[in-house]
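In: below are the sequence and a predicted model; questions follow.
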Amino acid sequence: MSDVAVVGFAQAPNVRRTEGTTNGVEMLVPIFAEVFEQTGLSKKDIGFWCSGSSDYLAGRAFSFISAVDATGAFPPIHESHVEMDAAWALYEAWLKIRMGEVDTALVYGFGKSSAGQLRRVLALQLDPYLVAPLWPDSVSIAAIQARLGLDSGLWSEKDLAEVAARNRGVDVEGLLDAQYLADPLRAHDVAPITDGAAVIILASAERAKEFAARPALITGIEHRVDTPVLGARDLTRALSAEAAARAAGADGVEVAELHAPFTHQELILRSALGLGDQVRVNPSGGALAANPMFAAGLARIGEAAREIFAGHANRVLAHATSGPALQQNLVAVMEGLD
């Protein structure tokens, strides 16, 4: 089976609010043009298109069909969609190329979180019989997870503040004086509500050098899932992330882009993925700097690939998550294809 490489990446400005529609077209058209300019490809050269978004977030059924307007009516395309972060759409596209069905693919994800009540929307991914009817919001669930780690001595509030300071590019001084948003989490511990989109172009290893000077070859990729029953797993660990990292061969990386929407989750992931102090974590700022729903995980893969494109690293790791309290985790490892 053919190896697969990332050859292009672009993302829309990550902002608190946009005036565009919830189908993402306004965000997608400019970044499609950007990756086509990067790679020298055009729409007719793409063998497979795959997207990640949420009809619940958009507030209407089949919203992703409207987003296809960004691709244009001609030429006809081979298209698919996942109702989750577009990192999983990338996994589907990776399989298409691995199986030899196509040799290029474009993956995109988008979310307009400002359009509705994000915390309420995210409650819909919980157990539909026993938990979702209570409408527990995502921040409160994360606060339970953070409290369990604090009470067991795995981390301190100062540890969380240091993660926030590094990712947000601010001074740690004074962060602990801020009021709680959901005890023990403060506003700086929580990813901002963000409108945004991201796009990645994949190509078979045989063709990748046609489109990028130094493609990011995907040497390992895996995703695993834990039980959705919050009381049935240890929330201070991410066992599915540990399993995905083992399967993907996540050792010896120089840079890691982690999809951690809360400060304590970065600490959980560092442990689960076996990342030592020598690994540069989230040089982009990660989800704590900008967290466009259904695009942030894909952006972690793109940001990690950028480190290879620029020659800043030769072996990198990217992580994406979905579901409450790090329930589902995807890990991708990439190396420079010289």
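Out: Received the coordinates, thanks.

In: how many neighbours does the closest residue to Gln265 other than its chain neighbours have?
Out: Excluding its sequence neighbours, the residue lying closest to Gln265 (CB to CB, 6 or more residues apart in numbering) is Leu326, at 5.8 Å. C-betas here are computed from N, CA, C, even on glycine. The burial count assigned to Leu326 is 27, neighbours taken as other CB atoms under 10 Å.

In: ok, Leu326 touching Ala241?
Out: Yes. Between Leu326 and Ala241 there is a contact under CB atoms under 8 Å: 6.6 Å.

In: give me the common contacts of these two.
Out: Ile268, Leu269 (CB atoms under 8 Å, 6 or more residues apart in numbering).

In: check which helices and strands the one helix or strand in the chain whose mean pLDDT sits lowest sits against.
Out: Least confident helix or strand of the chain, by mean pLDDT, DSSP states H and E, is helix 63-67 with a mean of 84. Counting contacts by 3 or more CB pairs under 8 Å, 6 or more residues apart in numbering; DSSP states H and E, helix 63-67 is packed against helix 25-39.

In: what strand or helix carries Pro324?
Out: Per DSSP states H and E, Pro324 falls between elements, in no helix or strand.

In: re the thing from before, whichever helix or strand comes after the least confident helix or strand of the chain: how far from the chain's middle?
Out: Note on helix 63-67: by DSSP H and E, the next helix or strand toward the C-terminus is strand 79-82. Its chain's C-alpha centre and that of strand 79-82 lie 17 Å apart, by CA atoms, centre = their mean, to the nearest Å.

In: for strand 79-82, packing partners?
Out: Checking 3+ CB pairs under 8 Å, 6+ apart, strand 79-82 ends up next to strand 48-52, helix 86-98.

In: how much space between the residue lying farthest from the centre of the chain and Glu157?
Out: What lies farthest from the middle of the chain is Asp177; by CA atoms, centre = their mean that is 30.2 Å. Using CB to CB, to the nearest Å, Asp177 is found at 11 Å from Glu157.

In: check Ile31 too.
Out: With CB to CB as the criterion, Ile31 and Glu157 are 38 Å apart.

In: have a look at the two and say which one is more surrounded.
Out: Set side by side, Ile31 and Glu157 show more neighbours around Ile31, with 22 against 18, by other CB under 10 Å.

In: ok, the more buried one - contacts?
Out: Ala10, Gln11, Ala12, Tyr108, Ala197, Ala198, Val199.

In: and what of Asp69?
Out: By CB under 8 Å, 6+ apart, Asp69 lies in contact with Asn23, Val25.

In: now do 7 Å
Out: Val25 (CB atoms under 7 Å, 6 or more residues apart in numbering).

In: then Leu130?
Out: Counting by CB under 7 Å, 6+ apart, Leu130 has no contacts.

In: and the nearest residue to Ala123 once chain neighbours are set aside, how many neighbours?
Out: Among residues not flanking Ala123 along the chain, Trp135 sits closest, at 5.0 Å (CB to CB, 6+ apart). Neighbour count for Trp135, taken as other CB under 10 Å: 13.

In: and for Arg280?
Out: 16.

In: how close does the spatially closest residue to it that is not a sequence neighbour get to Arg306?
Out: Spatially, and ignoring its direct neighbours in sequence, Arg280 is nearest to Val255 (4.8 Å; CB to CB, 6+ apart). With distances taken as CB to CB, Val255 is found 10 Å from Arg306.

In: rewinding a little: can I get the helices and strands packed on strand 79-82 in a markdown table with mean neighbour count and mean pLDDT?
Out: Listed next are those as a markdown table, based on neighbours: other CB atoms under 10 Å; pLDDT from 0 to 100:
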| stretch | mean neighbour count | mean pLDDT |
| --- | --- | --- |
| strand 48-52 | 25 | 97 |
| helix 86-98 | 24 | 98 |
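
In: among these, which is nearest Ala70?
Out: Between Ala70 and the helices and strands packed on strand 79-82, the tightest spacing by CB to CB is seen for strand 48-52, at 9.5 Å.

In: contact partners of the closest one?
Out: Contacts of strand 48-52 (CB under 7 Å, 6+ apart): 64, 67, 71, 77-82, 84-86, 88-89, 92-93, 96, 102, 105-109, 294, 298.

In: okay but Thr236 is in contact with Leu148, surely?
Out: Yes. Contact criterion CB atoms under 7 Å: Thr236 and Leu148 qualify, at 5.3 Å.

In: comparing those two, which residue is more hemmed in?
Out: Legend: neighbour count by other CB under 10 Å for Thr236 and Leu148, higher for Thr236 (19 against 15).

In: find the nearest non-adjacent residue to the more buried one, please.
Out: In space, Thr236 is closest to Gly149, 4.8 Å off (CB to CB, 6+ apart).

In: same thing with Leu160?
Out: Thr263 (4.1 Å).

In: how many neighbouring residues does the one you found have?
Out: 29.

In: quick thing: my sequence starts at 646, can you match it?
Out: Taking 646 as the first residue, the last one we looked at is Thr908.
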